[in-house]
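Visitor: structure for this input, please:
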Amino acid sequence: MSESIRDIGQIDFAREVLESEVPVIVDFWAPWCGPCRMVGPELEKLSDKVGSDAKFVKINVDENRDIAVQYGVMSIPTIAKFEHGTLVTQVVGARGADALGKEFGLV
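Guide: Take a look at the predicted model:
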């Protein structure tokens, strides 16, 4: 995982996502999920393009089930965009960096 994408848990979620000054892209994933492993490098590419205009984090759903349930994550990968602490957009399934950037209005 690149330095631009942090793996966070329940303790960091409020500070890193809900209290963030910039939009946050959250990758809900699990290590056993093949499509999740495909999305990781694409999110790194998008993070490199976007720079400091957004923050990128990963949430392991096996270790943070409560957060996944709270935001209705039923399938992974689910990639969500939060703005000012509110979930504004989410997509399910593997997509490339360009498609994710368009989906989240980042490029």
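
Visitor: buried stuff in stretch 99-107?
Guide: Buried residues in stretch 99-107, defined by neighbour count with 16 or more other C-beta atoms under 10 Å: Leu100, Gly101, Phe104, Leu106. C-beta: built from backbone N, CA, C; applies to glycine.

Visitor: pretty sure the last one sits against Gly51.
Guide: No - with the criterion set as C-beta atoms under 8 Å, Leu106 and Gly51 do not qualify as a contacting pair; they are 10.1 Å apart.

Visitor: what segments of this protein are strands?
Guide: Under the criterion DSSP state E, strands of the chain are mapped to 5-8, 24-29, 55-60, 78-83, 86-92.

Visitor: okay, these, which one's buried deepest?
Guide: Most buried of these by mean neighbour count (mean count of other C-beta atoms under 10 Å) is strand 24-29; its value is a mean of 24.

Visitor: show me what that one is in contact with.
Guide: Applying C-beta atoms under 8 Å, 6 or more residues apart in numbering, the set of residues contacting strand 24-29 from outside is 5, 16-17, 36, 39-40, 43, 46-47, 54-61, 68, 71, 73, 76-83, 100, 104, 106.

Visitor: what lines up beside that strand in the sheet?
Guide: Neighbouring strands of strand 24-29 in its sheet, by DSSP bridges, are strand 55-60 (parallel), strand 78-83 (antiparallel).

Visitor: distance from stretch 32-52 to the middle of the chain?
Guide: What separates the centre of stretch 32-52 from the centre of its chain is 9 Å, taken as C-alpha atoms, centre = their mean, to the nearest Å.

Visitor: what comes up buried for it?
Guide: Cys33, Cys36, Val39, Gly40, Glu42, Leu43, Glu44, Leu46, Ser47, Val50.

Visitor: which residue packs closest to the first one, ignoring adjacent ones?
Guide: This points to Cys33. Distance criterion C-beta to C-beta, 6 or more residues apart in numbering; nearest residue to Cys33, sequence neighbours excluded, is Ile76 at 5.2 Å.

Visitor: okay then, goodbye and thanks.
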